[in-house]
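Participant: what's the 3D shape of this:
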Amino acid sequence: MENQPVYIPDLSPEFVFQASRSGGPGGQNVNKVNTRVALRFSIARSELLSSEQKQLLLEKLASKITIDGLLQVVSQKERSQLMNKEACIAKLYALIEKALTPQKKRRATRPTKTSMEKRIQGKKLLGEKKSLRGKVDF
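Facilitator: Okay, here's the model as predicted:
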């Protein structure tokens with residue numbers, strides 16, 4: 001059973017962008033131009049996500065959600081505001097997709113006979129090596 005791609009609607013109408021001064025590359029440009037971009041998205045107030053999707057996102061992304069209930073993604077790697085904006089959008093969609101993708105159930109397996117024998121053999125060798133470290137009688 002393969003993981004089906006999760007359908008995420010176009011959320012761009014609900015994005016709120018804020019630009020500010022950035023650290024990092026850019027030389028003197030860094031001091032003059034607002035290239036750092038912060039993207040804010042309110043999961044709870046979204047009209048494009050279903051209630052199940054909202055619930056899942058609020059649970060799985062709880063550590064990334066601010067006190068105001070906003071999911072915030074920041075990018076300041078690029079030297080242009082537009083490229084940082086695109087990076088923020090890509091990061092947000094990746095976060096949402098990862099959170100909405102159902103986890104594959106783990107199937108319990110047993111160790112093979114060979115792997116068990118190998119483990120025991122390794123333990124015996126280690127024990128033998130340690131026993132040889134004892135006092136030597138002359």
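Participant: pLDDT weak spots in this protein?
Facilitator: 1-5, 24-27, 30 (pLDDT under 70).
Participant: hey, where'd the helices end up in it?
Facilitator: Counting by DSSP state H, the segments of the chain that form helices are 51-60, 81-100, 113-131.
Participant: between the first one and helix 81-100, how many degrees?
Facilitator: By that I understand helix 51-60. Helix 51-60 runs at 100 degrees relative to helix 81-100, counting by axes from the mean of the first three to the mean of the last three C-alpha atoms, to 10 degrees.
Participant: could you measure from residue 37 over to residue 88?
Facilitator: 5 Å (C-beta to C-beta, to the nearest Å). The way it works is simple: take the backbone N, C-alpha and C, and place the C-beta from them, glycine included.
Participant: who touches both of these two?
Facilitator: Common contact partners of residue 37 and residue 88 (C-beta atoms under 8 Å, 6 or more residues apart in numbering): 17, 74, 75.
Participant: what sits opposite the last one in the beta ladder?
Facilitator: When bridges are taken as DSSP bridges, the partners of residue 75 come out as residue 37.
Participant: for it, give its distance to residue 128.
Facilitator: According to C-beta to C-beta, residue 75 and residue 128 sit 56 Å apart.
Participant: same question for the first one.
Facilitator: When C-beta to C-beta is applied, the distance between residue 17 and residue 128 equals 66 Å.
Participant: which of these two has more residues huddled nearby?
Facilitator: residue 17 (13 against 9; other C-beta atoms under 10 Å).
Participant: so who does the most centrally placed residue in the chain touch?
Facilitator: Centroid-nearest residue in the chain: residue 95, 6.6 Å away (criterion: C-alpha atoms, centre = their mean). By C-beta under 8 Å, 6+ apart, residue 95 lies in contact with 61, 64, 71, 73.
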